[in-house]
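Engineer: model the following, please.
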Amino acid sequence: MSLCEIVRLEGYIQSSYLAVYPDKIMLLDGCCRADVPMVLDYIETTLKRPITDLKVVVVTHMHPDHAGGANKFREKTGCLIVSADKKKQWYSGIGGHTMHFVDIHLGYYVARRQGRPFKNLYYSASLKSDITVTDGELVPHFDEWQVLETPGHTDRDLSLFHLPSREVYTADLIIKLRHKFVAPFPVYYPKDYVQSLKKIRALQPSMVMMAHGRELAMSEAEFDGFIAQAPKHPRTIKDTIRHKLLWRKKDNFRLFKRRHNKI
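Structural biologist: Presented below is the predicted three-dimensional model:
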């Protein structure tokens with residue numbers, strides 16, 4: 001029988017999950033920078049444990065609400081940072097640093113939409129992990145948890161499968177808004193995204209833990225419906241701007257033709 005208790009905490013703009021054991025704790029994602037005091041206070045005040053019991057922080061991908069607190073957690077607790085085994089940093093080069101700037105401001109946009117007060121979300125565009133993992137491996141020091149590579153949202157998304165309970169944490173792979181499931185924004189790799197959804201469905205998980213939403217059971221029919229509606233083309237800021245510009249060009253051309261025909 002597993003001695004793990006999975007606890008969901010309400011983060012700045014996302015749900016965060018702790019895997020709590022009698023002798024160790026794992027944070028299933030790196031949170032926002034603004035969440036670090038809240039998580040550490042929960043460990044000390046609610047769990048009445050030293051913050052050094054936080055042994056591992058997994059970073060599922062590099063967005064500000066999943067990687068923003070990782071370095072701060074390591075600095076304060078000495079925990080290990082675990083992430084996907086990728087040769088290049090997600091935010092590499094000039095384009096990457098521009099994307100990092102945009103993603104932080106998207107975080108602020110989400111916070112405003114949720115009525116959150118302003119908090120500092122800045123974090124480093126690069127991550128130096130202590131341990132990298134690949135698909136099917138077990139999380140170091142937490143061998144009840146299996147790593148699943150579930151790219152699509154970015155190229156390095158991870159999900160975490162708790163083998164005894166068959167609960168799975170899917171980070172941003174699936175988002176629940178009110179009464180419907182939606183794909184994340186952005187989706188850089190739509191074909192990979194669909195395959196990742198199918199991988200999670202094949203697990204037949206007892207519960208899906210979402211970063212934007214909460215933990216809930218998904219039926220096979222719900223998975224199938226969601227997969228059928230998954231994006232067929234990339235959905236990124238660049239693509240959105242391009243499509244809007246094309247739409248405006250077409251719209252202006254139609255307007256010009258109407259005016260020309262009237263003359």
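
Engineer: first-to-last residue distance for stretch 169-184?
Structural biologist: 15 Å (C-alpha to C-alpha, to the nearest Å).

Engineer: what mean pLDDT does that stretch have?
Structural biologist: What stretch 169-184 shows for mean pLDDT is 94.

Engineer: now it, how far from the centre of its chain.
Structural biologist: Centre-to-centre, stretch 169-184 and its host chain are 10 Å apart (C-alpha atoms, centre = their mean, to the nearest Å).

Engineer: stretch 124-143 now?
Structural biologist: The chain centre lies 15 Å from the centre of stretch 124-143; the measure is C-alpha atoms, centre = their mean.

Engineer: list the buried residues of it.
Structural biologist: Residues of stretch 124-143 classed as buried under the neighbour-count rule (16 or more other C-beta atoms under 10 Å) are 125, 127, 129, 133, 137, 139-140, 142. The way it works is simple: take the backbone N, C-alpha and C, and place the C-beta from them, glycine included.

Engineer: likewise stretch 61-71?
Structural biologist: Applying 16+ other C-beta under 10 Å to stretch 61-71 flags 61-71 as buried.

Engineer: ok, the residues you listed vs Ile43, which is closest?
Structural biologist: Closest to Ile43 out of the buried residues of stretch 61-71 is Gly69 (13.2 Å), distances taken as C-beta to C-beta.

Engineer: identify the residues contacting the closest residue to the closest one other than its chain neighbours.
Structural biologist: Leaving aside its sequence neighbours, Gly69 sits nearest to Cys31 (C-beta to C-beta, 6 or more residues apart in numbering; 4.0 Å). Contacts for Cys31 (C-beta atoms under 8 Å, 6 or more residues apart in numbering) come out as 11-12, 14, 16, 39, 65-66, 68-70, 73.

Engineer: the protein: helices as residue ranges?
Structural biologist: For the chain, the helices defined by DSSP state H occupy 36-41, 64-67, 70-77, 93-113, 190-203, 220-228, 237-262.

Engineer: would you turn these into TSV with mean pLDDT?
Structural biologist: Converted to TSV, these look like this (pLDDT from 0 to 100):
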stretch	mean pLDDT
helix 36-41	98
helix 64-67	98
helix 70-77	98
helix 93-113	96
helix 190-203	98
helix 220-228	96
helix 237-262	52
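
Engineer: most tightly surrounded among those helices?
Structural biologist: A comparison of those by mean neighbour count, using mean count of other C-beta atoms under 10 Å, puts helix 64-67 on top with a mean of 28.

Engineer: helices or strands up against that one?
Structural biologist: Judged by 3 or more C-beta pairs under 8 Å, 6 or more residues apart in numbering; DSSP states H and E, the packing partners of helix 64-67 are helix 93-113.

Engineer: dump the helix it packs on to PDB, restricted to CA.
Structural biologist: Once non-C-alpha atoms are left out, helix 93-113 reads as follows in PDB (Å, rounded to 0.1, in the frame of the first residue of the first chain):
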ATOM      1  CA  GLY A  93      18.900  32.400 -28.700                       C
ATOM      2  CA  ILE A  94      17.400  35.800 -29.400                       C
ATOM      3  CA  GLY A  95      14.000  34.400 -30.400                       C
ATOM      4  CA  GLY A  96      13.900  32.200 -27.300                       C
ATOM      5  CA  HIS A  97      14.600  35.200 -25.000                       C
ATOM      6  CA  THR A  98      11.900  37.100 -26.800                       C
ATOM      7  CA  MET A  99       9.500  34.200 -26.200                       C
ATOM      8  CA  HIS A 100      10.500  34.100 -22.600                       C
ATOM      9  CA  PHE A 101       9.600  37.800 -22.200                       C
ATOM     10  CA  VAL A 102       6.200  37.200 -23.900                       C
ATOM     11  CA  ASP A 103       5.400  34.100 -21.800                       C
ATOM     12  CA  ILE A 104       6.000  36.000 -18.600                       C
ATOM     13  CA  HIS A 105       3.600  38.700 -19.700                       C
ATOM     14  CA  LEU A 106       1.100  36.100 -20.700                       C
ATOM     15  CA  GLY A 107       1.400  34.900 -17.100                       C
ATOM     16  CA  TYR A 108       0.500  38.500 -16.000                       C
ATOM     17  CA  TYR A 109      -2.400  38.500 -18.400                       C
ATOM     18  CA  VAL A 110      -3.800  35.300 -16.900                       C
ATOM     19  CA  ALA A 111      -3.300  36.700 -13.400                       C
ATOM     20  CA  ARG A 112      -5.300  39.800 -14.300                       C
ATOM     21  CA  ARG A 113      -8.000  37.700 -15.800                       C
END
